[in-house]
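Colleague: Generate a structure from the sequence data that follows.
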Amino acid sequence: MPVVAAIVELAERVVLVRNAWWPKGKFGLLAGYLEPDETAEQGILREVMEELGLQGTIAEFVGTYPNPGNNQLLLVYHVRVEGEPKLSAELAEIRRLAPGQLRPWPYGTGVALRDWLAQRGHLDHRLSESSYSPP
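Modeller: Below is the predicted model:
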């Protein structure tokens with residue numbers, strides 16, 4: 001099943017989200033399922049608007065990533081936004097971190113984040129064993 005995900009950049013920081021049903025301290029990329037007859041580009045911009053209340057601009061397509069444990073194919077985009085986020089009911093909190101502060105996780109969207117950081121020279125080869133926990 002295709003899932004869109006975004007590396008959301010706000011004022012040169014990456015926005016990580018904690019969904020309301022995730023345990024405290026567990027953060028990840030904003031992601032969601034496509035709606036019928038929706039392109040991946042439309043879907044990720046809709047998800048950014050729904051979850052953060054912000055208009056986004058796609059900066060680039062990061063890539064496709066298998067997530068076999070969930071029977072998903074992740075379509076990951078780098079999306080730039082401006083303004084102050086207004087969290088949807090699905091999100092418990094967000095973190096805004098400079099690229100050098102991020103520690104990608106070794107599965108799902110963490111692999112895309114690792115690739116994105118590596119392309120920008122921000123990766124120091126640290127991978128955590130679980131989802132990101134901010135310092």
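Colleague: For the rest of this, base every contact and every neighbour count on C-alpha atoms.
Modeller: Fine.
Colleague: after the longest helix along the chain, next one along is what?
Modeller: When the chain is parsed with DSSP state H, its longest helix is helix 40-52. With elements assigned by DSSP states H and E, the helix or strand that comes after helix 40-52 is strand 56-67.
Colleague: mind listing the helices for this protein?
Modeller: Counting by DSSP H, the chain has helices at residues 40-52, 109-119.
Colleague: So for residue 81, what's the nearest residue that isn't a sequence neighbour?
Modeller: In space, and not counting its chain neighbours, residue 81 is closest to residue 56: 4.7 Å by CA to CA, 6 or more residues apart in numbering.
Colleague: Ok, residue 63 next?
Modeller: Distances taken as CA to CA, 6+ apart place residue 76 nearest to residue 63, at 5.5 Å, with adjacent residues excluded.
Colleague: before we move on, what about residue 40?
Modeller: Once flanking residues are discounted, residue 40 sits nearest to residue 4: 6.4 Å by CA to CA, 6+ apart.
Colleague: Please report how far the one you found lies from residue 24.
Modeller: 23 Å (CA to CA, to the nearest Å).
Colleague: Same drill for these two, tell me which one is more crowded.
Modeller: Between residue 4 and residue 24, counting by other CA atoms under 10 Å, residue 4 is the more crowded of the two (25 against 12).
Colleague: Quick check: beta-bridge partners of that one?
Modeller: residue 32, residue 75 (DSSP bridges).
Colleague: tell me the contacts of it?
Modeller: 31-34, 40, 43-44, 74-77 (CA atoms under 8 Å, 6 or more residues apart in numbering).
Colleague: Let me see the backbone angles for the residue lying farthest from the centre of the chain.
Modeller: Distance from the C-alpha centroid of the chain, by CA atoms, centre = their mean, peaks at residue 37 (22.5 Å). Dihedral pair for residue 37: phi 60, psi 20, per degrees, to the nearest 10.
Colleague: pLDDT score for it?
Modeller: If you check residue 37, the pLDDT there is 93.
Colleague: Could you do residue 96 as well?
Modeller: Predicted confidence (pLDDT) for residue 96: 97.
Colleague: any residues touching stretch 74-91, and which ones?
Modeller: Outside of stretch 74-91, the residues within contact range by CA under 8 Å, 6+ apart are 2-11, 17-21, 40, 44, 50-67, 93, 108-109, 112.
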